[in-house]
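1. Using only what follows, build the 3D model:
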Amino acid sequence: MDGLPALANGLSTALGYLGVTVLTGAAAAYGLFRWLGDKWLSNKFNERLESYKHDQQRELEHLRARINTLLDRTVKLHQQEFDVLPEVWERLNEAYGHMMDLTSRLQSYPDLDRMGDAQLEDFLGSSDLREHQKAELRTGNSKVQRYAEMRFWQVFYIVDEKYRAFNRYFVTKSIFIQPEIKAAIAELRDMMHEALVEREVEQRDPDPRPDRYEKGDQLRREGRSKLDAIGELVRARLWSMPSLDGRGANAG
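-> Alright, predicted model coming up:
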């Protein structure tokens, strides 16, 4: 009977040790689970963070590319406009100046009928008439009237070419011109064209009616102020164009 207490005590001790071991293992497993869980969450968070950073970087690069494209396009458009405006202004002035000479009612010519042969020959030698025209003036009557007609068509074709050169350039490049300036130029352009056509028609088929030079007279009355207004618009636009850093230019 003495062995039973000893066996009971041994079994109790063994179970005690086993309980400690089980509890210790459970605690260790829970700690391991916590550690693995934190590690997994940390890894997942880092993965998502890196993915977000990558997406953000890609979006920034895409946005930067779009901005660079827009800036490049804007710079090119402004450069085109900056080149076009002075050129169209120069051509307009040249065409307008020639048009004023053609449409003037006061035309003066040398009195060829009163010239002697030597004086007439000297005049014809310095003129830019064609040889057959010079021959006609040497032998024909009413030299002043005939010379005036020759001279008109000579001037007319020069003016017509100046006008057409301006208009071709204006029509081709008007896409780079601001609407307000474009409209002002077009208005003066149309007025010049009407005066040119009127003068040609009158020269080919004279009709001594009171208003036969109406368009030319209108151009001479209003043309100068319209041209000056266009000049102010062009000047203001050129000086107000933004520079590459986004700041407007200042007039000097």
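2. all helices for this structure, in order.
-> Ranges of helices within the chain are 3-103, 117-126, 131-139, 143-173, 179-204, 214-240, based on DSSP state H.
3. Mean pLDDT added to those, as CSV?
-> Listed next are the helices of the chain as CSV, based on pLDDT from 0 to 100:
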stretch, mean pLDDT
helix 3-103, 71
helix 117-126, 89
helix 131-139, 88
helix 143-173, 94
helix 179-204, 96
helix 214-240, 95
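4. right, so of those, which gets closest to Tyr109?
-> helix 143-173 (5.2 Å; Cβ to Cβ). Every residue, glycine included, has its C-beta placed from N, CA and C.
5. now for the closest one, which elements pack on it?
-> Judged by 3 or more Cβ pairs under 8 Å, 6 or more residues apart in numbering; DSSP states H and E, the packing partners of helix 143-173 are helix 3-103, helix 131-139, helix 179-204.
6. Just give me the residue closest to the centre of this structure.
-> Phe176 (3.2 Å; Cα atoms, centre = their mean).
7. hmm, back to that, now render the helices of the chain as a markdown table, adding distance to Tyr109.
-> A markdown table is the format used below for the helices of the chain (distance: least, Cβ to Cβ, whole Å):
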| stretch | distance to Tyr109 |
| --- | --- |
| helix 3-103 | 13 |
| helix 117-126 | 11 |
| helix 131-139 | 12 |
| helix 143-173 | 5 |
| helix 179-204 | 15 |
| helix 214-240 | 19 |
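8. Tell me which of those helices sits nearest to Asp111.
-> Among the helices of the chain, if distance is taken as Cβ to Cβ, the winner is helix 143-173, at 6.0 Å.
9. What residues sit buried inside that closest one?
-> Applying a neighbour-count criterion of 16 or more other Cβ atoms under 10 Å, the buried positions in helix 143-173 are 143, 146-147, 150-152, 156, 159-160, 162-163, 166-167, 169-170, 173.
10. Provide the count of other residues in contact range of Ala59.
-> You called it Ala, but residue 59 is Glu. 10 (other Cβ atoms under 10 Å).
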